[in-house]
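Engineer: Model the following, please.
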Amino acid sequence: MRHQVTIKDIAKQLGVSVATVSRALRDLPDIHPDTKKMVLDLAKELDYQPNVLATSLVKSKTKTLGLIVPDLGYYFFSTVVKAVEDAAIAAGYSLLIAQTQESFERELTNIQNLSRSQVEGIIISLSRETVNFDHLTRLQRRGIPLVFFDRDSDEIDASKVMVDNEQSAYEAVKHLIENGCKRIAFLAGPKNVSVSNQRRMGYSRALQEAGIESDPSLIIHSDYFQDSAIAKTHQLMKEANRPDGILVVSDRLAIGVLIALRELNISVPDEVKMVSFNNEPICSLVSPTISSIAQPLEEIGRLSVELLLEQIEHKTDNPTPRVEVLKTKLIVRESSVQKK
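Structural biologist: Next up is the predicted model:
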């Protein structure tokens, strides 16, 4: 096994003290130029690499951020992760990434592991199972900066980066109504997920504004799995007075809705129109193409890092949380408009 060269090795080979080598490598004064050159030349020859972690721990800074997401298999999260990493690296930080797989227990483990790794702050989107937030309160009590994105908690006073989910859903349902839909269902996410609940509020507001009575039987909650969306759509379409429009909480589930409607020989958009969220690449590849709400994913990642670094690099005893709410855009495709 190759030996990692240390300053002790350099000092021994040159016959000088460890302190002298350390001063030369850190470009400190009170060292003869010839000695300094000798140290630097040998360090280069031996491919000496400083122990960044040890140095940073001495300074109480690891220049490392933590990021926790529900599932890297989701296009939304994988795209945001890339943007977070790019922004972190540009600011001189490295990034440790963990995923919960939508498990609260894994979220707890991730928080513990990142804390042990001495991260300077954590960016998180909560798992679908998370209803207790004590682990995040403990994090804040220890002075570790925290930023939420996408899925947050009103119980934790922290900075966050969100999109206007309520307004986005309102505009999507309004679009369905303008295209002739009179009975619109909402295939929502799990009941405790904040994003889904915000979208439900926008859905209800659009119906109310249009004078359409809200029917609780048309709000169906689903896990974030395609099989669940297929089963829930079959359930929805068994209604005697079935919907003629569906708002779907994510594109991933929208694919399941399309599969189910095809199995039932129900035409989209002739018999049922549909809008979903995230504007994933697959929306323009399937037939019919799917109308979807586009979110500024790169900006979400960049701002999450910006808000975290504000807390890390300008530390105050009682930082005021900053909340960024970003706008979205409805991308209209075949699934929500009548064929000409």
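
Engineer: ok, now which ones touch S250?
Structural biologist: 74, 76, 189, 224, 276-278 (Cβ atoms under 8 Å, 6 or more residues apart in numbering). (Each C-beta comes from the backbone N, C-alpha and C, glycine too.)

Engineer: which stretches of the chain form helices?
Structural biologist: 7-14, 18-25, 33-45, 52-58, 75-90, 104-116, 134-141, 165-178, 194-209, 226-236, 251-263, 297-313 (DSSP state H).

Engineer: Could you identify which of the contacts of S250 has the most neighbours?
Structural biologist: F277 (29 neighbours; other Cβ atoms under 10 Å).

Engineer: distance of the closest residue to A294 other than its chain neighbours from A91?
Structural biologist: Counting by Cβ to Cβ, 6 or more residues apart in numbering, A294 lies nearest to N279, which is 3.7 Å off, once chain neighbours are set aside. From N279 across to A91, the span is 28 Å (Cβ to Cβ, to the nearest Å).

Engineer: Okay, now the unreliable bits of the chain?
Structural biologist: 1-3, 51-60, 315-318, 340 (pLDDT under 70).

Engineer: Pull the number of nearby residues for I259.
Structural biologist: I259 is flanked by 16 other residues according to other Cβ under 10 Å.

Engineer: how near is it to D27?
Structural biologist: 63 Å.

Engineer: Give me the subset of the contacts of S250 lying in strands.
Structural biologist: Judged by DSSP state E, the contacts of S250 include 276-277 as members of strands.

Engineer: Among the contacts of S250, give me the pair with the biggest separation.
Structural biologist: Y74 and S276 (13.3 Å; Cβ to Cβ).

Engineer: in the protein, which residue is closest to the centre?
Structural biologist: F77 (4.7 Å; Cα atoms, centre = their mean).

Engineer: What residues are bridge-paired with the residue nearest to it when sequence neighbours are not counted?
Structural biologist: Computed as Cβ to Cβ, 6+ apart, the closest residue to F77 that is not its neighbour in sequence is V69, at 4.3 Å. Here V69 shows beta-bridge partners Q99, assigned using DSSP bridges.

Engineer: burial measure for V69, as a count.
Structural biologist: With other Cβ under 10 Å as criterion, V69 counts 26.

Engineer: Can you name the residues that contact it?
Structural biologist: 77, 80-81, 97-100, 124-125.

Engineer: hmm, try it at 7 Å
Structural biologist: 77, 81, 99, 125 (Cβ atoms under 7 Å, 6 or more residues apart in numbering).

Engineer: Stretch 159-173: how far from the chain's middle?
Structural biologist: Averaging C-alpha positions (Cα atoms, centre = their mean, to the nearest Å) puts stretch 159-173 15 Å from its chain's average.

Engineer: Now do the end-to-end distance for that stretch.
Structural biologist: 29 Å (Cα to Cα, to the nearest Å).

Engineer: cool, stretch 293-300 as well?
Structural biologist: 15 Å.

Engineer: With stretch 267-278 instead?
Structural biologist: With Cα to Cα applied, stretch 267-278 spans 23 Å between its terminal residues.

Engineer: Next: stretch 290-306.
Structural biologist: 33 Å.

Engineer: For it, buried residues please.
Structural biologist: 290-297, 299-306 (16 or more other Cβ atoms under 10 Å).

Engineer: Closest one of those residues to Q167?
Structural biologist: I293 (10.1 Å).

Engineer: Tell me what that closest one is bridged to.
Structural biologist: Here I293, judged by DSSP bridges, has bridge partners F277, L330.

Engineer: from memory it sits against R333, does it?
Structural biologist: No. Look at I293 against R333 with Cβ atoms under 7 Å: they stay out of range, at 11.7 Å.

Engineer: that older thread, what is the burial count for the residue nearest to A294?
Structural biologist: Around N279 there are 23 residues (other Cβ under 10 Å).
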